[in-house]
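Q: Sequence plus the predicted model coming up.
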Amino acid sequence: MFRYSHAHTVKVGARAPQQISWMGSVDVYLNKVELTGVNTSKLTVLKEAEKVELLKKVKQGDEQAREKLGLDTKGRYFLAAGGSMGAGDLSELVKKLLEGTAQEKILVICGSNRKAEQKLKKEFCKQPRVQILGFTTQMSLYLKACDVLFTKPGGLTSTEAAVTGVPMIHTAPIPGCETVNRKFFMKAGMSWSAITLNGQVEKGIQLMNDPEAVAQMVSAQKKQIHGDAVEKLYEFISGEIQKRNRF
């Protein structure tokens with residue numbers, strides 16, 4: 001396995017970028033290249049167009065995550081997440097996704113909102129393309145397994161999704177911090193959104209069927225959101241403590 005940074009995207013030997021299994025063999029880091037068992041003399045920097053071709057493979061649902069969750073490894077999945085409290089009009093979102101698609105499946109995570117969970121299970125119990133979930137400790141797996149995520153622009157889910165590399169549609173924000181979050185993510189190209197729910201659904205379906213847009217969005221996420229932020233924060237705090245201890 002080899003790892004590479006966005007700034008130093010690489011290919012090995014004469015292998016074409018599309019022959020590399022992204023999800024199975026590549027981890028993305030922003031500021032360093034870590035190589036194990038690879039002859040570095042055979043590494044070359046990819047051109048921008050080649051990066052896009054490789055990134056088109058980025059998010060087609062992680063098969064290993066789907067197997068662990070008991071999901072169809074060949075299907076296409078929307079994930080609708082209402083945050084820890086199950087906020088947002090998930091019922092209307094699911095209805096509109098069903099109306100606008102023919103085969104895609106829809107996963108809905110209601111968080112700790114048991115009332116919303118029971119309501120949605122009753123409403124969509126006869127719809128085989130919809131799976132309603134309550135609180136889960138496997139959010140990271142569901143993010144890896146889905147193809148497109150619908151979520152309100154809360155800081156935690158949005159950041160986790162960006163670190164994972166999930167194409168993202170931001171739904172209506174809770175006024176305040178989430179309004180600013182959505183503007184920041186959209187301006188940086190890390191998510192799409194729209195004023196109305198209809199517009200959000202249209203954007204989500206468009207993103208599901210546009211691999212180049214997916215590649216550009218995931219690339220922007222990797223550029224803006226540092227997956228190793230915890231380690232960097234620890235190093236910074238440790239360094240500051242060491243400086244103070246010297247005096």
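A: Noted; the coordinates are in hand. Numbering: from 1, shown residues only.
Q: drop to CA atoms for contacts and neighbour counts, all remaining ones
A: Noted.
Q: quick one, what contacts K96?
A: Applying C-alpha atoms under 8 Å, 6 or more residues apart in numbering to K96 gives the contacts N198, V201.
Q: So it lies in a strand, does it not?
A: No: K96 is assigned helix when assessed by DSSP: H, G, I helix; E, B strand; the rest coil, not a strand.
Q: The nearest residue in space to R114 that is not next to it in sequence: how many residues sit nearby?
A: Distance criterion C-alpha to C-alpha, 6 or more residues apart in numbering; nearest residue to R114, sequence neighbours excluded, is G134 at 6.8 Å. Around G134 there are 18 other residues, counting by other C-alpha atoms under 10 Å.
Q: G134 against S112, yeah?
A: Yes: G134 is within contact range of S112, at 6.4 Å (criterion: C-alpha atoms under 8 Å).
Q: Surely G227 forms part of a strand?
A: No: under three-state DSSP, G227 falls outside any strand and is assigned coil.
Q: Look at it and say how many residues are nearby.
A: Look at G227: counted by other C-alpha under 10 Å, it has 18 neighbours.
Q: I'd say it and A161 touch.
A: No: the criterion here is C-alpha under 8 Å, and G227 misses it with A161 at 10.6 Å.
Q: Quickly note the distance from the most centrally placed residue in the chain to T159.
A: Geometric centre of the chain, nearest residue: V166, 1.6 Å, by C-alpha atoms, centre = their mean. The gap separating V166 from T159 is 10 Å, by C-alpha to C-alpha, to the nearest Å.
Q: Then R66?
A: 21 Å.
Q: ok, now L69?
A: With C-alpha to C-alpha as the criterion, L69 and T159 are 22 Å apart.
Q: that older thread, need the contact list for the residue nearest to R114.
A: Contacts for G134 (C-alpha under 8 Å, 6+ apart) come out as I109, C110, G111, S112, N113, R114, E117.
Q: Kindly recompute the last result at 7 Å.
A: If a contact means C-alpha atoms under 7 Å, 6 or more residues apart in numbering, then G134 has I109, C110, G111, S112, R114, E117 as its contacts.
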